[in-house]
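Novice: coords below, sequence missing:
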């Protein structure tokens, strides 16, 4: 891939209070899209609070592109039902990644940056970018849109392949 800046590992942790799309429950899975890339988790049967705990990895060449999370209910004999979606940008996360060399030696659990939930993002609560086990990670709860209820918990982790941490990348 041309102009690859690095890889973004999305740890899709869990869904919380997802919408009912079958008679009493749902069989949810998550699709992650960024540009032409499309990844998905496994289906968790009959569960409104599924725990996926799956790592999905996106190649990042255009950091301005938003990342879209879509939750669906798996239906075996008809089209899968939508259970909501959320969009987020990785700009603040990449900003911290660029500063990584200046952050060495931080105590475990140090909060480097906080992103407030607002009408301009899908965060359901404050998101923190934290120094965790020698790495920079961002934890976030995304409020699903276009649905009556539901949230998805994610954790972002950067995998450097090009030296983004050592150079200024304009976008």
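Specialist: Nice, I can see it. Model, not experiment: these values are computed from the prediction.
Novice: if I look at the residue nearest to residue 22 when sequence neighbours are not counted, how far off is residue 25?
Specialist: Among residues not flanking residue 22 along the chain, residue 73 sits closest, at 6.6 Å (C-beta to C-beta, 6 or more residues apart in numbering). For glycine as for every other residue, the C-beta is placed from the backbone atoms N, C-alpha and C. In this view, residue 73 and residue 25 are 9 Å apart by C-beta to C-beta, to the nearest Å.
Novice: So which of these two has more stuff around it?
Specialist: Neighbours per residue, other C-beta atoms under 10 Å: of residue 73 and residue 25, the larger number sits with residue 73, 19 against 14.
Novice: My understanding was that that one contacts residue 81; is that so?
Specialist: Yes - using C-beta atoms under 8 Å as the test, residue 73 is close enough to residue 81 to be in contact (4.2 Å).
Novice: who touches both of these two?
Specialist: Overlap of the contact sets of residue 73 and residue 81 (by C-beta atoms under 8 Å, 6 or more residues apart in numbering) consists of 21, 26.
Novice: hey, which helix or strand in this protein has the poorest pLDDT?
Specialist: Each helix and strand of the chain was given a mean pLDDT (mean pLDDT, DSSP states H and E); the minimum falls on helix 91-98 at a mean of 90.
Novice: which residues in this protein form strands?
Specialist: 6-16, 28-34, 37-40, 51-60, 67-73, 81-88, 111-115, 127-132, 135-143, 151-160 (DSSP state E).
Novice: Residue 99 is nearest to which of those strands?
Specialist: Shortest separation from residue 99 across these is recorded for strand 111-115, at 7.9 Å, computed as C-beta to C-beta.
Novice: The closest one - what's its average pLDDT?
Specialist: Per-residue confidence for strand 111-115 averages out to 94 on the pLDDT scale.
Novice: what's the answer for stretch 32-51, then?
Specialist: 97.
Novice: so what's the nearest residue to residue 149 once chain neighbours are set aside up against?
Specialist: The spatial neighbour of residue 149 that comes closest, neighbours along the chain excluded (C-beta to C-beta, 6+ apart), is residue 17 at 5.2 Å. Contacts of residue 17 were listed using C-beta under 8 Å, 6+ apart, and they are 48, 49, 149, 150, 151.
Novice: Leaving out sequence neighbours, find the closest residue to residue 37.
Specialist: Using C-beta to C-beta, 6+ apart and skipping the chain neighbours, the partner closest in space to residue 37 is residue 58 (5.5 Å).
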